[in-house]
Structures are given as structure tokens and as C-alpha cells.
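1. Sequence and predicted structure below; questions after.
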Amino acid sequence: MPSDATPLFAAREPIFPRRVSGFFRRLKWAILILTLGIYYIVPWIRWDRGPALPDQAVLVDLANRRFHFFWIEIWPHEFYFVAGLLIMAGLGLFLFTSALGRVWCGYACPQTVWTDLFLTVERWIEGDRNARLRLHRAPMSLRKARLRLTKWAVWLLISVATGGAWVFYFADAPTLLRDLVHLQAAPVAYATIGILTATTFLFGGFLREQICIYMCPWPRIQGAMIDPGTLTVGYRDWRGEPRGKGGVKRRQAAAQAVGGGDAVARYGAAAGKDLAAPRLSRDGATLGDCVDCHACVAVCPMGIDIREGQQMECITCALCIDACDDVMAKLGRPRGLIDYLALDDEPPVVPGATAEVAGLAEHPAGEVAGAARPHWQPKPLWRHVFRPRTLVYTAAWAAIGVALVVALFIRPEIDMTVAPVRNPTFVTLSDGSTRNAYDIRLRNKHGDARPFALSLAQGTPLRLALEGADDARVTVPADSTRLQRVYVTAAPGAVAAGAAHTDLRIWVRDTISGERAHDDTIFNGTGEPK
Amino acid sequence: MSDDRRIDTETGTETTGHSWDGIEELNTPLPRWWLWTFYATIVWGVIYTILFPAWPLLSGATAGLLGYSTRGEVQAEIDRVDLSNAKLTESLATVDLGVLEANEDLHRFAIQAGRSVFAANCSQCHGAGAAGVVASGYPNLLDDDWLWGGTLEDIAHTVRHGIRNEEDAEARFSMMPSFDWLEREEISATADYVRSLSGLDHDAEAAQAGARIFADNCAACHGGDGRGDRTLGAPNLADAIWLRGGLHEDIVRQMRAPRHGVMPPWGDRLGEAEVRAVAAYVHGLGGGERQVAEEVTDAQATEAATVPDASFPAGAEETPSQTGEPDVQPVE
Ligand code: SF4
Ligand code: SF4
């Protein structure tokens, strides 16, 4: 391979996003505080469930195989609740992506949130974009070392807190914290904290956008779920192009405006805005609204230029919208040169520019927009959010949600499953009676031990007895299951003793609350009627 | 193909020169950290094969510097469990069986241990479900009929010393003599009488004659009323359970050429704790009999209470009491 060929590998281009302020930045702050707050605080919320059960509101109790969520307790056999929630999460992703593109990536993904937090720390310590760029280029000095070390130390603190918070979801938080400090916690707790600390530090501090570009599957999945009606962050090139620094103050020149000016005017009229005043460059050519100030590029945490069109890297964090709106405000132009937009809302043609509007490339550049679609105008926002596609997702999502809630409220507090013992199917006793054995699993979801009474359906000639007990009562400890062997006997000569199968219903009653449950099974006889 | 390489105008990246229907492939460079990660995995792999068993040799594989083996890990796990159960096992070997059931933890431990002992040593004859094999004369252990007694102590004794085991003086031993010196009709009449004891179809006239023959020849062991004698292992002939079959010809055959079950002694092979464990398991299968009449004395009750708690292996996933594991579980 010749030496001037593309190198096989390349170092990461460092990105120094500039500070930005505006609506979307504030929204992102709010979401950051909310999500991080939830993450760090939730394990410390207490919830009284009685003496036998943990008093942590949200607890994944792996040792006892229980998931506690406030008043809800999920047992392993109720894992379908978790499965249902996961399906809802998946459908929710479809829903949000089809309506709002990669909104998850832009606002709520832990990778985004923690990177944002780390960037903020970086900005506090090392200064804004230009200062950081200078520091990056400067040779190592005492000051540089000090700043770097301070930054890393703060990152490390955040990372430890992040890894630390995770393990609190799996054990009683105050106890675990005490054990952790006294170096008495389980090794797995330290290992988990260690691994999560390392990944947080590495992913938030150094890998950042590399995670999204190279490692995460979401961009591919979400990219495939976006359609032209999806709202996503984009640059209105028909309005911005041709970009350039204006030479002459903008003036009213709508009448003789060609290309861009014409389309812009029509769009502005449709949108109720006066966009009909094009800027002119130094040599008198008509310019679009983009002053090529690179503000949108400077703030981008992914290091891309949104003006090049939709890109795989863009996480739709909307910071470039804030940055550009700022510039437009200073120029006295309407906001929204970069904005949440749907591709099918934009004029199908890019007048006077070479770039193509993605998805509509079949229209030859330079064709007048108005001629192609004379009555074209942008749809209102809600028409993008409420579309057949999103409504179908919402319906499916809500159906599962309703089903889960209903299931949650009708599930019994006591529960029984009966498994007949089939080896052998029956035993003949010395008095000639026929006995079947059943293994009955009793579940007591109450916070205290419950004495359960087992019985057969009324009027049956069969008798029920318990192994190792004189009566048909069995106490199941609080919040646990108990397997109890039960014998059912048919007297010699009874119909059930001679029949091959007899239907059998076994009842269990909570002698304190009176709740009842039952399960149906079969009584096996000799099959030789007498 | 590589002649077609060019710089892509959109991205500024060189293409590989590969083109399919006009779709070209960019030669985008790998991220450097990716390459480092790749090298790191290679280094890790090499170190791993030095430390752990890895390279195949003619017989076996390199042992690795750490001397790790999965077999060793299993052995260590077994040792750990044995160690943590040591006290419990010792209690089980020495506790008075009359009060074993009073200590719930120890009793549960015994039954669970007994289940494995049974599956490994007893199920070959008595069946995995302990239902025995009638055709071969292996008794059903689930019912309430016991040839030699069905209390915990009785069962443990049987397991320990075996049945008709000539090497052990304490083994249960008895022989039913052959009655083929009786007339054919006499034997047949006796069989009718035996069937009448448990209300089975019989020839009433013959049974009357059989009653006399029974009183003269059989009652010594099986009792005047045919209810058997456990000290002799003489079966109860008046109940519904027939180890050798209850048909008329079955009974005739047994009188003419008696068959006797043999059971090996397990005391030496299993050790006292396991003997007791399997006795507790069998006792809990639905037919176990309570020790009769003997009141549990205060001293015994205290002893039962002082047996150490079931200490399940530290760090084990769960203890049976936590998951509500069964006292008795079906042996499939
Ligand atoms: S690309 Fe992946 S890691 Fe990046 S923000 Fe989106 S979901 Fe998160
Ligand atoms: S281009 Fe950059 S700043 Fe703009 S939304 Fe995408 S990722 Fe954010």
C-alpha cells in the first residue's frame, strides 16, 4: 500500500463543545437534574412493609428473589411483569423515535447525561471552548497538570458515586453503606462499584461520542425507525444557503430576489413570518440566513456540522438550535434556521444551492419550489406527533400498560399450585384404601406468617392428610413459599379408589384473612372397580 | 480494483476501490483506541493461557501457573459444604431417634440428605419413587405395611444391618419353611383360608379346612389371626398388601417354595449419619410409624433442643428455610 494512502487507524479528534444557553439547554439541565436525582436518591427512600420485609422502597433482592417497588412486590413467578415493562420500554422507544427521532439519545441516555455532567465539570475547571483548546495545545506545564488532575479527581468522585449508587439498589442502602465504609461488604459489591466507576470515568470523560458512534446499537436501530415525518434536528438549508458573511446591511429587495429569496418568502408567508428580506454579500449576490459563524459546530458535543444534513453522529441534543437561535436573534432574523423539523415539511427544492434536501433528491436543484408544490406549507407540530404510526405504538403501549395494571390488582395474595406425584401414581394401604400424594406449593405474600387450612371440595368422600401433621393446617412463613406433601385417600371400595381418574379440587384458606385459592388435579385409582 | 481508489468528495475519505452497483466503500480509518483495545485483548489472551489450563497436549493440557482446575473447584465446594455441615452430621449420628422429629432443622437436614442417599443407594431395588417392585419382591416403602417395623429406629436398624444377611449377627433374619410336604388340596385349602382373612374371594368350605391347617402350621409365625409378627418378619396376611402377590396361586406358590428377600447391610458403607438420614427419608414417605408409648422425657427434650441449628454453607445462595424448600420432595 502506498505511503500516502489513508492510515489504517486514526486518533480521536478531541471535541471542545462551547457553553450555550437557551431553551433546549435549560430543558437538558432539568432532565439531567431529574434523572441523576432519581438515580442517586431512590435507594434511600424508606417504605415500611412490616418487620419481616425490607423497608427499602426500591430493592432488587437477589438473595431472596424478590423485587420490591414501593407497595408492589414481584416474585420470580411474576416475572411477566418485568417482561411487560421491557416490552413497554421497547414500544416506548418506537413511539418516541417515530415522533421525535433520537430524543432518547439527546436528553435521557445515561451516556449523554453523564457526558454532559463531565463536560460541565470540565468547563468549570478548564474554562470554555477556547480556553480548553489553548490548554489542549499548550505543552505540559504545572498549571496544565494541576487543571487536569483537578478535573480527573472530580470526575473520579462522580464516578465512584455513580458506581456506588448502583449497588444500593440491591441491598439495604444504609447497612451496605456502613459495610462498604468498614470494608465489610461483599466482594461482589466492591467489584461492581469498581467496574462501574471505571466505565463511568472512561465513558464520560474520554470515550464520550465514540460510545455513540462506534459501540451503541441505538443509533442504527433508531436511524431505521425515523421517517420523513419525524421531527428531528435539522438545518433549513433553503433558508440558510448560500451561507456567507453579509457585506451590505440587509435591505428590502424582495421584488428582484431570485431563487432562495423567492422560496424563502413563500415559506415565510406560509409560516406567518417575514423572511422576505434577503441579505446581500459584499459583491451583491443574494445570501441565505446562515452567517457561517460556526456557532452550531462549536457547541456540538458530537463534533459535527449539522448544516451538512442528517448525520449518523447527531444525537439530536438540540444545542445547535440554541446556539443558532442566539445568532439569529442578534442578527434580527427569525429563529429556527436550525430547528426541530420534519423533512417532509421542508420545501422539496433547495433553490440556488447545490446541497440537496435529504430524501427529496429527485427534484433537480434550482427548480422553483413553488412550481413543484404551489400550495405547500408546513404542518403544525401536533400533526407530526400524532400520526397513525405513533398512535398505533401508543395504543399497543397503553394496552400492555393497562393489562399489567389490571394483572397487578387482581393477583391474589395467596397462591397454590398442586403437582401430583406420579411415581407411583397411587399406593394401596394395608386396610385396602388407595392413597395419592401431591406436592403442594403454597405462597404467602403477606408480611407475616399465615396458617393455611387445606381441604377438599365439600361433599367428597376422599380424605386429605398432611405429611408430618395431625391436622390439615400448614403455616407458611412471611413472604415465602412452602412445599407441602399432601395425601388424599379413598376408602376401600369407594368409587374413586376403583376409577382410573377422578377430578379433584384442593382448596387452601388463609385462616386469618379468610382468602381462598384452589387448584384442580386428578386422583388416580386402581382402575379396577370392585 | 484498487486502481479505482479515489477521494470521496463528501467525506474527504479515500475509498477502498470496491464498488457494487455504484455503491462504494469508504476506507475509514479505525479509531486508535479500538486498535489498542484489540492489542490489549491479545495480550490478555496470552497471559490467560499461561496462567490457566489452555494448550492441548497429547494427554491433557498445560496446567497453567495458577494450578486451577474445575474438578478442584468442585472438590473444594464439596469440602466446604461438608465442613459447614460437620456439626449437623455429628448430631444426626448421635441424636436419640425418638426425638429427632422434635428438632425441625435437624429433621429436615436428615430428610434432605436421606433423599440423596436413597437415590444413590436404594433406588436400584426399591425404585426411584420408593414404590418397590412387586414382581421381584422389593417392598413398597410408601405404604403403611412394614415387615420388620416402621418406626425410625426400626427402619434405621434394617438399613444398618440388612435383611437375611449372614455376615451380621444383628441382621433381621427369618426363613419361611417350605410346606410342599402338605397335600396339594391342603395347601390349596390353606390358601383359601388366607384369602378369607382379608375378605378376598374364596371357597368357604375349603377355607374351613384350611383354617385348621393354618392353625397347626402357620399360626406360630403369622399369628392365630394371621396378622403376622414383626419380630420374625412374618407378614400380615389379613391386610390388603401382598408382597408376593395375593392370588390363590401366588399364595400356593409361596407355601410350596417360599421366596425370601435379601437386603445388604449399609451400616459400614454409609456410616451412621447417612443410615439415619435415609431412615428419616423413608420414614417420611407416608407410611412411617411413630415410636409408641415412650413419653419424651425432659432430658430427651432438652437434648433435642440443644442440637445445633442447621447451618447451611455460608455464602450459599439460599438456605432451604428461606425458599421454603420441601420437607419431602418427589424423587423423579
Ligand atoms: S447513541 Fe447510544 S450511547 Fe449515544 S446517546 Fe444514543 S443511546 Fe446513548
Ligand atoms: S448537530 Fe450536534 S449539537 Fe446539533 S443536535 Fe446534533 S449532536 Fe446536538
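-> That came in fine, so what should we check first? Ligands and ions are numbered 1, 2, ... in the order given.
2. Phi first, then psi, for residue A:342.
-> Torsion angles at residue A:342 (phi, psi; degrees, to the nearest 10) stand at phi -110, psi 140.
3. Just grab the bridge partners of it for me.
-> residue A:231 (DSSP bridges).
4. Tell me the confidence at residue 1?
-> Just going to use chain A. Per-residue pLDDT puts residue A:1 at 43.
5. My question was about chain B, not that one.
-> 45.
6. Show me the domain layout of the chain.
-> Assuming you mean chain A. Domain assignment for chain A by automatic domain parsing gives A:23-223, A:231-378, A:414-524.
7. that's the other chain; I wanted chain B
-> B:76-172+B:262-306, B:184-256.
8. Any chance of the ones you listed in JSON lines with mean neighbour count and mean pLDDT as columns?
-> Bear in mind the C-beta positions are built from the backbone N, C-alpha and C, glycine included. As requested, these are arranged in JSON lines below (neighbours: other Cβ atoms under 10 Å in any protein chain shown; pLDDT from 0 to 100):
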{"stretch": "domain B:76-172+B:262-306", "mean neighbour count": "18", "mean pLDDT": "88"}
{"stretch": "domain B:184-256", "mean neighbour count": "18", "mean pLDDT": "93"}
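9. right, so of the ones you listed, which gets closest to ligand 1?
-> domain B:76-172+B:262-306 (39.9 Å; Cβ to the nearest ligand atom).
10. Run the chain-centre distance for the closest one.
-> 11 Å (Cα atoms, centre = their mean, to the nearest Å).
11. That domain near chain A at all?
-> Yes. Using Cβ under 8 Å from any Cβ of the partner chain, domain B:76-172+B:262-306 reaches chain A at B:101, B:127-129, B:131, B:140, B:142-145, B:284, B:286-287.
12. Need those residues in TSV (columns: secondary structure and distance to residue A:42).
-> Listed next are the residues of domain B:76-172+B:262-306 next to chain A as TSV, based on DSSP: H, G, I helix; E, B strand; the rest coil; distance: Cβ to Cβ, whole Å:
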residue	secondary structure	distance to residue A:42
B:101	helix	47
B:127	coil	54
B:128	coil	49
B:129	coil	50
B:131	coil	54
B:140	coil	58
B:142	coil	52
B:143	coil	57
B:144	coil	57
B:145	coil	61
B:284	coil	46
B:286	coil	50
B:287	coil	54
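13. Can you tell me which of these is nearest ligand 2?
-> residue B:128 (64.9 Å).
14. So that closest one sits against residue B:122, correct?
-> No. Between residue B:128 and residue B:122 there is no contact under Cβ atoms under 8 Å: 9.5 Å.
15. any idea how far the closest residue to residue B:24 other than its chain neighbours is from residue A:8?
-> Spatial nearest neighbour of residue B:24, chain neighbours left out: residue B:15 (4.8 Å); criterion: Cβ to Cβ, 6 or more residues apart in numbering or on different chains. Distance of residue B:15 to residue A:8, given as Cβ to Cβ, to the nearest Å: 15 Å.
16. out of those two, which sits in the busier spot?
-> Shown here are residue B:15 and residue A:8; by other Cβ atoms under 10 Å in any protein chain shown, residue B:15 has more neighbours (19 against 11).
17. What strands flank whatever helix or strand that one lives in, and is each parallel or antiparallel?
-> Assigned by DSSP states H and E, residue B:15 belongs to strand B:15-20. According to DSSP bridges, strand B:15-20 forms sheet pairs with strand B:23-26 (antiparallel).
18. Kindly format the C-alpha coordinates of the strand it pairs with as CSV.
-> C-alpha atoms of strand B:23-26 as CSV (Å, rounded to 0.1, in the frame of the first residue of the first chain):
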residue,chain,number,x,y,z
ILE,B,23,-22.1,1.8,-4.1
GLU,B,24,-18.6,2.4,-2.9
GLU,B,25,-16.9,1.5,0.3
LEU,B,26,-15.0,4.2,2.3
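19. Could I get the average pLDDT for it?
-> Per-residue pLDDT values across strand B:23-26 average out to 86.
20. Mind listing residues that contact that strand?
-> B:8, B:11, B:13, B:14, B:15, B:16, B:18, B:19 (Cβ atoms under 8 Å, 6 or more residues apart in numbering or on different chains).
21. Which one of these is nearest to chain A?
-> When the contacts of strand B:23-26 are compared for distance to chain A (Cβ to the nearest Cβ), residue B:14 comes out closest, at 4.3 Å.
22. Next one: that closest one, what pLDDT does it get?
-> For residue B:14, the predicted pLDDT is 84.
23. Could you do residue A:187 as well?
-> Note on residue A:187: pLDDT of 93.
24. From ligand 2, how far out is it?
-> Per Cβ to the nearest ligand atom, to the nearest Å, residue A:187 is found 40 Å from ligand 2.
25. give the contact list for residue A:389.
-> A:98, A:227, A:229.
26. Now, of the residues you listed, which are buried?
-> The neighbour count (16 or more other Cβ atoms under 10 Å in any protein chain shown) marks A:98, A:229 as buried among the contacts of residue A:389.
27. Closest to residue B:246 out of the contacts of residue A:389?
-> Nearest to residue B:246 out of the contacts of residue A:389 is residue A:98 (Cβ to Cβ; 76.0 Å).
28. Would you confirm that that closest one contacts residue A:225?
-> Yes. In terms of Cβ under 8 Å, residue A:98 counts as a neighbour of residue A:225; the distance is 5.8 Å.
29. all strands of the stretch 151-300 of chain A, in order?
-> Using DSSP state E, counting those that start in this stretch, the strands of the stretch 151-300 of chain A run over A:231-235, A:279-280, A:286-287.
30. circling back: near ligand 1, from the residues of domain B:76-172+B:262-306 next to chain A?
-> Among these, no residue lies close to ligand 1 (Cβ under 6 Å from any ligand atom).
31. Kindly reformat those as JSON lines containing distance to residue A:512.
-> Formatted as JSON lines, the residues of domain B:76-172+B:262-306 next to chain A follow (distance: Cβ to Cβ, whole Å):
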{"residue": "B:101", "distance to residue A:512": "27"}
{"residue": "B:127", "distance to residue A:512": "41"}
{"residue": "B:128", "distance to residue A:512": "39"}
{"residue": "B:129", "distance to residue A:512": "36"}
{"residue": "B:131", "distance to residue A:512": "38"}
{"residue": "B:140", "distance to residue A:512": "39"}
{"residue": "B:142", "distance to residue A:512": "34"}
{"residue": "B:143", "distance to residue A:512": "36"}
{"residue": "B:144", "distance to residue A:512": "34"}
{"residue": "B:145", "distance to residue A:512": "39"}
{"residue": "B:284", "distance to residue A:512": "28"}
{"residue": "B:286", "distance to residue A:512": "29"}
{"residue": "B:287", "distance to residue A:512": "33"}
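32. For chain A, state which of those residues is nearest.
-> residue B:129 (3.1 Å).
33. just checking, what's the longest helix in chain A?
-> helix A:142-168 (DSSP state H).
34. Report the set of residues contacting both of residue A:98 and residue A:225.
-> In contact with both residue A:98 and residue A:225: no residue, using Cβ under 8 Å, 6+ apart.
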